[in-house]
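Asker: generate coordinates for the sequence data below:
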Amino acid sequence: MAEEGGLQIHPMDQFQIHSLFGGDIGMFTPTNQTLWLGITVLAISALMLAASAGRSMIPGRVQSIGELFYGFIHDMVEEVAGHDGAKFFPYVMALFTFILFSNLLGLLPMSFSPTSHIAATATLAIMVFLTVTLVGIWRKGLGFLAMFWVSSAPLVLRPVLAAIEVISYFVRPLSHSIRLGGNIMAGHAMIKVFAGFAGVMGVASVLPIAAIAAIYGLELLVAVVQAYVFTILTCVYLRDAVGEAHH
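Answerer: Model prediction:
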């Protein structure tokens, strides 16, 4: 326990999940996390509805933003996952917009970032893993297993490489989720630490405040980059399911 009057900074407190109405948290208890998950969905829905409501040949600002999202993700899916992978564009679009909006809304004062929690990011990653695996088996049957067999390698190394490929495949959900959650959590924690110093340093607080401004700008970039990384990795995994196995 910190001494009374000393510097007390608790950067991890901001990630605590609590009931909106007090009491214990059960399976169906509304929490700050479910609140911001709902706000994220509402924000995305509002943007897309506004962007498509008054469609015209000369788009306005909101329509331009909606078209930018659509074109960017559609081109990425086609380039990375291929023509067959483009069928999964709505799914990839939903992933990207949800993660992006969740990351950005989490930077608002007094907000909560659901993507800072492994429970949220792991759910997204497991959904991607199951989708890729089930689609791969449905499309290729047992031929889906060919992706683990590196036929271009010397025969003696193929079983070893196959074992490595299988392990790396099943580790995907873990790395996919930790990469997103860890980056979001680290940035928020750093901002809270510098904010704690700014509160006790008096005139010298200009230094931690400047650091907060710099980190905040970096976090805006991280919010976009992490949404992009999660999405493009999803496209890469989809390519394994719908494309040809490597040889």
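Asker: counting by contacts, list what the worst-scoring helix or strand of the chain on mean pLDDT packs against.
Answerer: None of the helices or strands of the chain scores lower by mean pLDDT, DSSP states H and E than helix 61-85, at a mean of 86. When contacts are defined as 3 or more C-beta pairs under 8 Å, 6 or more residues apart in numbering; DSSP states H and E, helix 61-85 sits against helix 32-53, helix 89-105, helix 206-242. C-beta: built from backbone N, CA, C; applies to glycine.
Asker: between the two ends of stretch 145-164, how far is it?
Answerer: Chord length of stretch 145-164, first to last residue, is 13 Å (C-alpha to C-alpha, to the nearest Å).
Asker: average pLDDT across it?
Answerer: Averaging pLDDT along stretch 145-164 gives 86.
Asker: likewise stretch 177-193?
Answerer: On average, stretch 177-193 scores 89.
Asker: list the contacts of it.
Answerer: For stretch 177-193, the external contacting residues (C-beta atoms under 8 Å, 6 or more residues apart in numbering) are 9-15, 99, 103, 106, 113, 115-118, 120-122, 124-126, 212, 215-216, 218-219, 222-223, 226, 229-230.
Asker: could you export the helices and strands packed on helix 61-85 as CSV, including mean pLDDT, mean neighbour count and distance to I184?
Answerer: Output for the helices and strands packed on helix 61-85, formatted as CSV (pLDDT from 0 to 100; neighbours: other C-beta atoms under 10 Å; distance: least, C-beta to C-beta, whole Å):
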stretch, mean pLDDT, mean neighbour count, distance to I184
helix 32-53, 89, 15, 13
helix 89-105, 93, 20, 6
helix 206-242, 89, 18, 7
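Asker: got CSV for those, with distance to V77 too?
Answerer: Shown next, in CSV, are the helices and strands packed on helix 61-85 (distance: least, C-beta to C-beta, whole Å):
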stretch, distance to V77
helix 32-53, 17
helix 89-105, 5
helix 206-242, 6
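Asker: out of these, which is closest to V135?
Answerer: helix 206-242 (4.5 Å; C-beta to C-beta).
Asker: show me what that closest one is packed up against.
Answerer: With contacts defined as 3+ C-beta pairs under 8 Å, 6+ apart, the packing partners of helix 206-242 are helix 61-85, helix 89-105, helix 118-140, helix 158-198.
Asker: which one of the ones you listed lies nearest to W36?
Answerer: helix 89-105 (6.6 Å).
Asker: ok now that closest one, how far from the chain's centre?
Answerer: How far helix 89-105 lies from its chain's middle: 8 Å, per C-alpha atoms, centre = their mean, to the nearest Å.
Asker: look up how far M147 lies from the closest residue to Y216 other than its chain neighbours.
Answerer: Using C-beta to C-beta, 6 or more residues apart in numbering and skipping the chain neighbours, the partner closest in space to Y216 is I191 (6.5 Å). In this view, I191 and M147 are 41 Å apart by C-beta to C-beta, to the nearest Å.
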